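Peer 1: Fold the following, please.
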Amino acid sequence: MINGFSVDDIFNKFLDKSLVVEAKFKQEIELNEILNKNKKIAIIDIDGILASWPKTFINFVNEKTNNNFKSYKDLRNNLERLLMFNLKEQYRLSGIKKEMDVLFDATKFTKFLKKENYSIIIVTARPYEKYFRIYSDTLN
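Peer 2: Now for the predicted structure:
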């Protein structure tokens with residue numbers, strides 16, 4: 001209560017942490033199974049391949065700064081570096097990655113790979129060690 005957390009906030013964080021622990025446990029088992037069975041593997045990045053990065057970030061920045069950037073390059077070239085860094089940090093802490101749109105045909109593509117008996121490994125460079133919530137947001 002002193003720090004402004006509600007009982008629901010603490011319970012939801014507990015659920016998030018439980019999902020993270022369970023996911024890491026399952027990932028280790030599944031990865032060992034894939035490697036031991038010599039299965040076909042497709043390694044796919046999330047942002048820009050499955051999920052709508054950088055579009056989601058550009059929209060976030062446009063909303064926060066009252067701008068109308070059309071591309072990530074445009075944003076990078078016209079936004080002060082420190083402001084860009086601060087906005088990226090706000091973006092990562094906002095929980096928006098949990099609700100990021102899936103790119104057109106990404107679901108169709110992954111279902112095709114599964115049908116062709118590929119094991120799919122999803123990778124990301126999201127800084128989950130620096131921003132605690134990113135791991136659980138990514139799982140969502």
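Peer 1: What residues sit buried inside the longest helix seen in the chain?
Peer 2: Assignment by DSSP state H gives helix 7-36 as the longest helix of the chain. Across helix 7-36, burial judged by 16 or more other CB atoms under 10 Å covers 16, 20, 34. Using the backbone N, CA and C atoms, a C-beta is placed for each residue, glycine as well.
Peer 1: and that helix, what does it pack onto?
Peer 2: strand 118-123, helix 132-139 (3 or more CB pairs under 8 Å, 6 or more residues apart in numbering; DSSP states H and E).
Peer 1: Give me the angle between it and helix 132-139.
Peer 2: 60 degrees (axes from the mean of the first three to the mean of the last three CA atoms, to 10 degrees).
Peer 1: Would it be right to say that residue 128 lies in a strand?
Peer 2: No - under DSSP: H, G, I helix; E, B strand; the rest coil, residue 128 falls outside any strand and is assigned coil.
Peer 1: burial count for it?
Peer 2: Around residue 128 there are 16 other residues, counting by other CB atoms under 10 Å.
Peer 1: just residue 69 next, same as before
Peer 2: There are 19 residues near residue 69, going by other CB under 10 Å.
Peer 1: Might one say that residue 87 is in contact with residue 64?
Peer 2: Yes - applying CB atoms under 8 Å, one finds residue 87 in contact with residue 64, separated by 6.0 Å.
Peer 1: So for the two, which residue has more residues nearby?
Peer 2: The residue with more neighbours, out of residue 87 and residue 64, is residue 87; 17 against 14, by other CB under 10 Å.
Peer 1: looking at this, residue 42 is in a strand?
Peer 2: Yes - per three-state DSSP, residue 42 lies within a strand segment.
Peer 1: Just list the residues touching the residue lying closest to it once chain neighbours are set aside, thanks.
Peer 2: The shortest distance from residue 42 to any non-neighbouring residue, by CB to CB, 6 or more residues apart in numbering, is to residue 118 (4.4 Å). Contacts for residue 118 (CB atoms under 8 Å, 6 or more residues apart in numbering) come out as 39, 40, 41, 42.
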